[in-house]
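> here are the coordinates; sequence isn't available:
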């Protein structure tokens, strides 16, 4: 089996959803009216800001849902309290299964992409005063997501980076040596 191919069905399903989401977005035609300022397109925008935000949020949510599904897979039949959020999922992976997701290459990029999602979901793209005080715009700029006037600007390049980072993160979790590969949970050999 190719080491880059997923071992678990849940990983394959999540990667398929991630790639489908990104592909549909990347294939979409620009939806800006002809009267739109042409300078707007020069930022690499390929669709409306609403469509971009929806794609970004779906890619990050797919990654988070996959990570929680992997935790449930690893917990198997053992009763454990349900995680109360992303931080709880990451902490539970480390505490219960000795999988340090924060040690996976690209973790800091994924964290910054999650901050972008939070700005899109909770502030319509704007950072709250609390986020600004915590230096969130700086963290987001560091991974190539432009910030203008306190608002994230999702470009085609940033979108591609987010998709690639999410994919690598899920693939790395799947390949982690502590991940249970019970035959009933593995993908059939090609």
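Thanks, I have the structure now. Since the model is a prediction, treat every value here as computed from it, not as a measurement. Residues are numbered from 1 along each chain as shown.

> show me the contacts for the spatially most central residue of the chain.
With distances taken as CA atoms, centre = their mean, the residue of the chain nearest its centroid is residue 60 (3.0 Å). Going by CB atoms under 8 Å, 6 or more residues apart in numbering, residue 60 touches 113-114, 116-117, 162, 166. C-betas here are computed from N, CA, C, even on glycine.

> 6 Å instead?
Residues in contact with residue 60 (CB atoms under 6 Å, 6 or more residues apart in numbering) are 114, 117.

> what mean pLDDT does the host helix or strand of it get?
If you go by DSSP states H and E, residue 60 is part of helix 49-75. The average pLDDT within helix 49-75 is 92.

> how distant is the following helix or strand past that helix from the center of its chain?
As assigned by DSSP H and E, the chain's next helix or strand after helix 49-75 is helix 86-97. Mean C-alpha position of helix 86-97 versus that of the full chain (CA atoms, centre = their mean, to the nearest Å) differs by 17 Å.

> outside of the next helix or strand after helix 86-97, which residues touch it?
If you walk from helix 86-97 toward the C-terminus, the next helix or strand you reach (DSSP H and E) is helix 107-123. For helix 107-123, the surrounding residues in contact (CB under 6 Å, 6+ apart) are 53, 56-57, 60, 125, 127, 136, 139-140, 143, 145, 152, 162, 165, 169.

> which strands and helices sit next to the helix or strand immediately after helix 107-123 in the chain?
For helix 107-123, the succeeding helix or strand toward the C-terminus, using DSSP H and E, is helix 129-133. Packing partners of helix 129-133 (3 or more CB pairs under 6 Å, 6 or more residues apart in numbering; DSSP states H and E): none among the helices and strands.

> from the rest of the structure, what touches the helix or strand following helix 129-133?
For helix 129-133, the following helix or strand on the C-terminal side (DSSP H and E) is helix 136-142. The contact list for helix 136-142 (CB under 6 Å, 6+ apart) reads 112, 115-116, 127, 147.

> what average pLDDT does helix 136-142 get?
Here helix 136-142 scores 93 as its mean pLDDT.

> so which of the contacts of helix 107-123 comes closest to residue 67?
Taking CB to CB as the measure, residue 169 is the one of the contacts of helix 107-123 closest to residue 67, at 8.1 Å.

> secondary structure element for the closest one?
Going by DSSP H and E, residue 169 is in helix 156-175.

> list the buried residues in that helix.
Neighbour counts over helix 156-175 (16 or more other CB atoms under 10 Å) mark 158-159, 161-163, 165-171, 173-175 as buried.
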